[in-house]
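In: quick one: sequence and predicted model below, then my questions.
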Amino acid sequence: MKTKLSVNINKIATLRNARGGNMPNVLQVALDCERFGAQGITVHPRPDERHIRYTDVFDLKSEIGTEFNIEGYPNERFMKLVKDAKPAQVTLVPDPPGVLTSNAGWDTVKHFGFLKDIIAEFQSQAIRTSIFIETDAKLIENAAKIGSDRVELYTESYASNYPKNKEEAIKAFVEAAKIAQQVGLGLNAGHDLSLENLRFFADNIPGLLEVSIGHALISDALYFGLENTIQMYLNQLRG
């Protein structure tokens, strides 16, 4: 299978935190996702720890066997967390404090020096880096100049426009993928990918290495069960 599925388990932590205690068990769900076929686990700890807690990150790192991806805004506390946990991949996301969900990619022109220094620091710890980004060619080219290993395409616009005209919705992403290949960047994607739109995306995006899916997958699991849902998503990636 050309594209790996990384399951974002933030929503499991949100449900746990609603009542306190440890139900559902975030670590057990992550291990189950692996057992059911997921090739990665993604978490996005935010400063207020409203879903994934910083302690969850270390619990997960010590137990999961598949690729571990930590997303977030690179403030001092986040950077220390990542360097201490040493995941396979860190994905830098330009989330301001308190934002509900990621809703934009990095401006790699405006934040060139800031991102370059941060990426060099993570790479010195042998942590693969990825930048959450939109489809603008200049921004992708700058991500390569910054020294990032990968970019993660922000796919909200694709998902929103897919029901209206899927061919038109994917055009910018195909071009972005080609540019990423030309400048030597690995390619990830995420945000609002679902059972409805995933196969078409994966079939048409060249060089797609990984998709990170959380909200839709966990929502589907309420109806279909977690094991069955993960298999359904994997089948979309198999084409």
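Out: Thanks, I have the structure now.

In: contacting residues around stretch 222-239?
Out: Outside of stretch 222-239, the residues within contact range by C-beta atoms under 8 Å, 6 or more residues apart in numbering are 1-5, 7, 29, 32-33, 36-38, 195, 198-199, 202-203, 211, 213, 217, 220-221. Every residue, glycine included, has its C-beta placed from N, CA and C.

In: mind running it again at 6 Å?
Out: Defining contact as C-beta atoms under 6 Å, 6 or more residues apart in numbering, one finds that stretch 222-239 is touched by 1, 3, 5, 36-38, 198-199, 202-203, 220-221.

In: again with stretch 168-180
Out: Applying C-beta under 6 Å, 6+ apart, the set of residues contacting stretch 168-180 from outside is 135, 137, 140, 151, 153, 158, 161-162, 187, 204-207.

In: return the closest of the contacts of stretch 222-239 with respect to His111.
Out: His111 has its nearest neighbour among the contacts of stretch 222-239 in Thr3, at 28.0 Å by C-beta to C-beta.

In: need the contact list for the closest one.
Out: Residues in contact with Thr3 (C-beta under 6 Å, 6+ apart) are 202, 208, 237.

In: show me these that map onto helices.
Out: Among the contacts of Thr3, the members falling in helices are 202, 237 (criterion: DSSP state H).

In: kindly reformat the contacts of Thr3 as a markdown table containing neighbour count and distance to Arg19.
Out: A markdown table is the format used below for the contacts of Thr3 (neighbours: other C-beta atoms under 10 Å; distance: C-beta to C-beta, whole Å):
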| residue | neighbour count | distance to Arg19 |
| --- | --- | --- |
| Ala202 | 20 | 36 |
| Leu208 | 22 | 37 |
| Leu237 | 20 | 34 |
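
In: so for the chain, the centremost residue is which one?
Out: The central residue of the chain, meaning the one whose C-alpha is nearest the mean C-alpha position (C-alpha atoms, centre = their mean), is Ser212 at 4.1 Å.

In: identify the bridge partners of that one.
Out: Under DSSP bridges, the beta-bridge partners of Ser212 are Ser6, Gly190.

In: that one and Gly190 touch, don't they?
Out: Yes: in this structure, Ser212 is within contact of Gly190 by C-beta atoms under 6 Å, at 3.8 Å.

In: what's the closest of the contacts of stretch 168-180 to Pro47?
Out: In terms of C-beta to C-beta, no member of these lies closer to Pro47 than Val151, at 24.0 Å.

In: residues near that closest one, how many?
Out: By other C-beta atoms under 10 Å, 31 other residues sit near Val151.

In: could you tell me how far the lengthiest helix in the chain lies from the centre of the chain?
Out: The helix that spans the most residues within the chain, counting by DSSP H, is helix 166-182. Between the centre of helix 166-182 and the centre of its chain there are 18 Å (C-alpha atoms, centre = their mean, to the nearest Å).

In: before we move on, what about stretch 143-151?
Out: Taking C-alpha atoms, centre = their mean, the mean C-alpha location of stretch 143-151 is offset from the chain mean by 16 Å.

In: likewise stretch 17-37?
Out: With C-alpha atoms, centre = their mean, you get 18 Å for stretch 17-37.

In: what mean pLDDT does that stretch have?
Out: Per-region confidence: stretch 17-37 scores 96 on mean pLDDT.

In: same question, stretch 95-109
Out: Along stretch 95-109, the predicted local confidence has a mean pLDDT of 72.

In: now do the same end-to-end measure for that stretch.
Out: 17 Å (C-alpha to C-alpha, to the nearest Å).

In: any idea how far the nearest residue in space to Asp59 that is not next to it in sequence is from Ile41?
Out: Closest residue in space to Asp59, ignoring its immediate chain neighbours: Leu27 at 5.2 Å, by C-beta to C-beta, 6 or more residues apart in numbering. For Leu27, the distance to Ile41 (C-beta to C-beta, to the nearest Å) stands at 10 Å.
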